[in-house]
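Asker: After the sequence you'll find the predicted model.
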Amino acid sequence: AMRRVAREGDRQMVEALVNAGFIDERTFDRQIELLRACNRTDCVLYLMEWHREQGGPSKPPSARERFAL
């Protein structure tokens with residue numbers, strides 16, 4: 001389904017999938033890569049903006065933060 005959306009979908013379809021909960025933090029990276037491979041710049045831009053608004057990590061956590069008790 002993710003490949004089909006990347007090949008044949010449009011920005012509105014991607015937005016509908018996000019709103020329905022089908023694209024989330026767990027599936028975000030995979031969907032972005034598929035969209036990039038299919039040259040779907042409009043969809044990639046939408047998902048990147050959505051991810052930024054969701055508070056996606058602006059920088060990877062340091063080793064100290066990852067292993068903090």
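Answerer: Thanks, I have the structure now.

Asker: what's the burial count for F28?
Answerer: As a burial measure, F28 scores 17 neighbours (other Cβ atoms under 10 Å). Every residue, glycine included, has its C-beta placed from N, CA and C.

Asker: I meant to write E25 there.
Answerer: E25: 11 surrounding residues under other Cβ under 10 Å.

Asker: Excluding chain neighbours, give the residue nearest to it in space.
Answerer: Nearest residue to E25 in three dimensions, chain neighbours excluded: Q54, at 7.4 Å (Cβ to Cβ, 6 or more residues apart in numbering).

Asker: Per-residue pLDDT of the one you found, please?
Answerer: pLDDT, Q54: 86.

Asker: That one contacts D24, doesn't it?
Answerer: No: in this structure Q54 lies outside contact range of D24 using Cβ atoms under 8 Å: 9.0 Å.

Asker: ok, which stretches of the protein are helices?
Answerer: 2-8, 11-20, 28-37, 41-53, 63-66 (DSSP state H).
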